[in-house]
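> Sharing a sequence plus its predicted fold:
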Amino acid sequence: MLQTFSSIIDFDVQTKSIRGAINPLANQVAIMSSYYNKKKGVKSRKLLHHAKYVNEICYELIKFAREVAKEHPDVEYELNQACNRTCDVYNVMKMKIEGDDKHDSAGTIIDIAKQLINNVARILIVTDSADLILIDKTIEDVKQCLKAVEQSIEICAFDEIFQKLRSVMDVLMKQIASRQMDLLDSQKKDELGLVRSMWMRCKERLYTSSRVAIVHPELDSGVTNRNLVLQEISDSIKKLQALIKGRSSSESQSKAGILASCFEEFEVSVIFANKMKRDQQNLLQNNLAIIIKEASSIADSASTREERQQNIHRLCKDCEMLLNVLIHSNPDCNNDKHIEKICSTTGQLRHYLQLATLDHIVDFYFLPYIPFQWLYSISAEGAKDKDQLKESEHEMVQHVLNLEMIARMACSLSVESYHNKVVRFAIANIANLVRQVVFATRSLANQPKSELIKHNMDVYKKAWSKELNNLVEAVDEITPVTEFLYISISHAKENVELISQILEAEFSYQNENNGGEKNWADLDQTVDALINRTLRVLSVIREERRKVVDERYLANDPVMGRCQHLAKYALTETKKLCDEIVKEGKPKKDALKKRANDVVSQLCKLQIAFSKATTRCDAYIESFYAECDTTEHELNRNAMSIAVDKPLQSCLKICAILKVIVSNVKSGDCIQHWPVVIQKLKELNTETSGLDFCVRDIVTNGRSSAVKSDLILEYSSKVVECSRHSLTVAMKDMSHYVCYGEVFVSLLSSAKTIIINIPEIYKGCMLFNSKRKKVFKK
């Protein structure tokens, strides 16, 4: 048995380049070890040949390391020392290979070869550290440039310094990119990617905010804005230095949410709760206490609806009570029903927590840009009302805090570790940006006519829009679409009820001056909430449909058609009626009620259409996999009793091809996999035609009734026809098929027909072949 890489190399190899250089040598040593085991310690000619090959490659690597040492004085001494030690081992190895000493066993040569490879690995690691020293030097240059940017007081000097900073950062980004490509650790690669993206995000903000700070030194907000950008860049540079030294941030690790992990651990451990020791039972109770604490926090949040709040608190109490009963129960008794009840209760609790989280997402994420737009509009007018400016700033910061809280809430319940990491990064980015935005708007409020400050604000406006989109998309990735639609429609119904209540209250009073304006403002705000909530639903559905339907065929998609109709007619008419009531005072109360109810009705129909479009193929796929497993089991069972022949090989190959086709059709981005589907369908066509030819040959030369012959030939013809039909459908213009899912259903239906008929064909081949009939009887 060949030795593994880790059993030969004693060092922790972190880069692809080092592993690529060492791998051939490690493979040679592994082969030498296999010869050693076969020859029982005797030096064979093949073993010496491999040892000589290892020695030659090591000599070339030593020469390369000597040249690197001359170019990098920082590692010259350490690298030369490693080379000298390796040369000593190399000379010993050379003597053992060329010498005729019979006392030198193969085991001795293999041990020396391993020692030589480990010394070479040390050389490569020291050589790799030279690259890290270069990155460290570039980082020091960046720090000096950042310090110079902070101390700049003239525009001309600043432009020169910033140009130097940009060129030094470009060099650093290239070094980081090269290092990122070479690393084996995916977590460190992601962290280096974040450092690179930081510079792409911050460089324009740093340039414009620094110019504002230099031109308007009297504005404290401008200087603070510049310093915040410099702080963000400096923090990223510190993280980069920590990464180079081998330290990784725990915050960037991919992991499931706190609640999701606690639920999983609890449900696994609760089975043995009454048989555990006291310490383990305490850990289980602590785990449940964490769940109850987090659940209570979500239940008591502002947007959680009353019904869900009561259910969450009730289920928390039930879980605690059921666990106490289980822990104190008799270990010898059968507690399966009680354990099942606990698991059922925790499942319900998780479901209600997910719905409560969606309450917050639906309430806060459908209008995430409004606070910024309000703050920007007030700042653009100048600091006329400082109290209003402070209020809008507070509203902006509070809104971002809510978005962060809800994003973390969604992460805690999500098991998608990668998407959780993306959400955490988006939260960190927007938390850094919000303070910069506040100070940029203060500068704009103090100098609303300054073109420089306006340009700076435009840069921040663009950055804010981008980061907010990233956060919304990241949260959407960990949000289940079905539940999101259900909660969105539920909240839309609440808006409709509120619209009806406002209309009834308004038209019941004859005196319009008595609180009329407030009610009209409430009506306008509620109608806007209904419209924006619906637009958010349409946006999510469009994004989901784009994952499975090619952009060219979206126009004919019925789900997209319903989205367009809802946006174009229902929402437009609703807003028009609201404006007529609020601005013109027209008595169109019933019309607005009807139109608002119509919006909710169409949302429900859209939900049904979307659900059908997404689940239609799933039913076919589940049915196909069941049939495919049955067919393969039957074919393999026959293969055990009969010699494997051409029909059986063809049948098994057809099953394998169909599985590949269906797995590609099932995937989310099936349009991208379509060339693979077509290629496999061509293979399927060839295989089914070959099977049909074989079946006809067996039927012609076999002995059986004409009825059975016709039946077997009919099965075979049906299989060939289905495979040809599938290929024809897939090769056609898919504008009609994709939008209705017909092409997927057609392919899966054909695949299912083939799978069902394959066993019948094979049984027929067995019965028609007279020789096989005798073997089968035996």
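Structure's in. What do you need?
> which intervals of the stretch 501-650 of the chain have sub-threshold pLDDT?
Applying pLDDT under 70 to the stretch 501-650 of the chain flags the ranges 506-519, 547-557, 582-587, 613-650.
> what about the helices in it?
In the stretch 501-650 of the chain, the helices defined using DSSP state H, counting those that start in this stretch lie at 516-548, 558-565, 571-584, 589-641, 646-666.
> Equivalent analysis for the stretch 351-500 of the chain, please.
Under DSSP H, counting those that start in this stretch, the stretch 351-500 of the chain gives helices at 370-380, 386-413, 417-446, 451-477, 481-508.
> and the shortest one, what other elements does it pack with?
Helices and strands touching helix 370-380, by 3 or more CB pairs under 8 Å, 6 or more residues apart in numbering; DSSP states H and E, are helix 386-413, helix 417-446, helix 451-477. Backbone N, C-alpha and C define where each C-beta goes, glycine included.
> Comparing those helices, which comes out most buried?
helix 417-446 (a mean of 21; mean count of other CB atoms under 10 Å).
> Next, the angle from it to helix 386-413.
Interaxial angle, helix 417-446 versus helix 386-413 (axes from the mean of the first three to the mean of the last three CA atoms, to 10 degrees): 180 degrees.
> Now do helix 417-446 and helix 370-380, the angle between them.
Using the same axes, to 10 degrees: helix 417-446 against helix 370-380 is 20 degrees.
> what about helix 417-446, average pLDDT?
In this model, helix 417-446 carries a mean pLDDT of 89.
> now swap in stretch 476-491 and tell me
88.
> Alpha carbons of it, in CSV - could you do that?
Output of stretch 476-491 as CSV, limited to C-alpha atoms (Å, rounded to 0.1, in the frame of the first residue of the first chain):
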residue,chain,number,x,y,z
ASP,A,476,-32.5,36.7,0.3
GLU,A,477,-30.1,33.8,-0.3
ILE,A,478,-30.7,32.4,3.2
THR,A,479,-34.5,33.2,3.1
PRO,A,480,-36.8,30.4,2.0
VAL,A,481,-38.9,31.7,-0.9
THR,A,482,-42.1,29.8,-0.1
GLU,A,483,-42.3,31.1,3.5
PHE,A,484,-41.3,34.6,2.3
LEU,A,485,-44.3,34.7,-0.1
TYR,A,486,-46.6,33.5,2.6
ILE,A,487,-45.5,36.1,5.1
SER,A,488,-45.5,38.9,2.5
ILE,A,489,-49.1,38.1,1.4
SER,A,490,-50.1,38.0,5.1
HIS,A,491,-48.6,41.5,5.7
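> Contacts for it next, please.
Contact partners of stretch 476-491, identified using CB atoms under 8 Å, 6 or more residues apart in numbering, comprise 354-355, 358-359, 361-363, 410-411, 414, 416, 419-420, 422-423, 533, 536-537, 540-541, 543-544, 600, 603-604, 607, 610-611.
> circling back: as a markdown table, the helices of the stretch 351-500 of the chain with distance to Glu721 would be great.
Putting those into a markdown table (distance: least, CB to CB, whole Å) gives the following:
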| stretch | distance to Glu721 |
| --- | --- |
| helix 370-380 | 59 |
| helix 386-413 | 49 |
| helix 417-446 | 44 |
| helix 451-477 | 42 |
| helix 481-508 | 37 |
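> Figure out which of these is closest to Lys576.
helix 481-508 (14.5 Å; CB to CB).
> Just the buried subset of the contacts of stretch 476-491, please.
Buried members of the contacts of stretch 476-491, scored by 16 or more other CB atoms under 10 Å, are 354-355, 358-359, 361-363, 410-411, 414, 416, 419-420, 422-423, 533, 536-537, 540-541, 544, 600, 603, 607, 610.
> which residues touch stretch 217-224?
Contacts for stretch 217-224 (CB under 8 Å, 6+ apart): 153, 209, 212-213, 216, 439-440, 442-443, 446-447, 453.
> about what we covered before: just tell me which of the helices of the stretch 351-500 of the chain ends up closest to Glu191.
Short answer: helix 417-446, nearest of these by CB to CB, at 10.0 Å.
> The helices and strands packed on helix 370-380 into CSV, with extra columns for distance to Leu183?
Below are those laid out as CSV (distance: least, CB to CB, whole Å):
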stretch, distance to Leu183
helix 386-413, 26
helix 417-446, 17
helix 451-477, 24
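> Can you say which of the ones you listed is nearest to Ala380?
helix 417-446 (6.4 Å).
> Packing partners of the closest one?
Against helix 417-446 (3+ CB pairs under 8 Å, 6+ apart) you get helix 186-215, helix 220-244, helix 370-380, helix 386-413, helix 451-477.
> and the angle for it with helix 451-477?
Calculated by the same axes, to 10 degrees, helix 417-446 forms an angle of 160 degrees with helix 451-477.
> Between helix 186-215 and helix 417-446, find me the angle.
Going by the same axes, to 10 degrees, helix 417-446 makes 0 degrees with helix 186-215.
> contact partners of stretch 259-278?
By CB under 8 Å, 6+ apart, stretch 259-278 touches 255-256, 280-281, 283-284, 287-288, 290-291, 294-295, 323, 326-331, 335, 339, 342-343, 346, 350, 353, 412-415.
> The residues you listed, buried ones only, as a PyMOL selection?
Command for PyMOL that selects the buried part of these, burial taken from 16+ other CB under 10 Å:
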select buried, resi 256+281+284+287+288+291+294+295+323+326+327+335+339+342+343+346+350+353+412+413+414
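> quick one: which of the contacts of stretch 259-278 sit in strands?
Nothing among those maps onto strands, per DSSP state E.
> The contacts of stretch 259-278 in helices, which ones?
280-281, 283-284, 287-288, 290-291, 294-295, 323, 326-327, 339, 342-343, 346, 350, 353, 412-413 (DSSP state H).
> by contact count, what packs against the one helix or strand Gln175 maps to?
Under the criterion of DSSP states H and E, Gln175 resides in helix 155-182. If contacts are counted by 3+ CB pairs under 8 Å, 6+ apart, helix 155-182 sits against helix 16-39, helix 106-151, helix 186-215.
> Mind listing what's buried along that helix?
By neighbour count on 16+ other CB under 10 Å, the buried set for helix 155-182 is 158, 161-162, 165, 168-169, 172, 175-176, 179-180, 182.
> Just name the closest of the residues you listed to Ser379, please.
Phe158 (24.8 Å).
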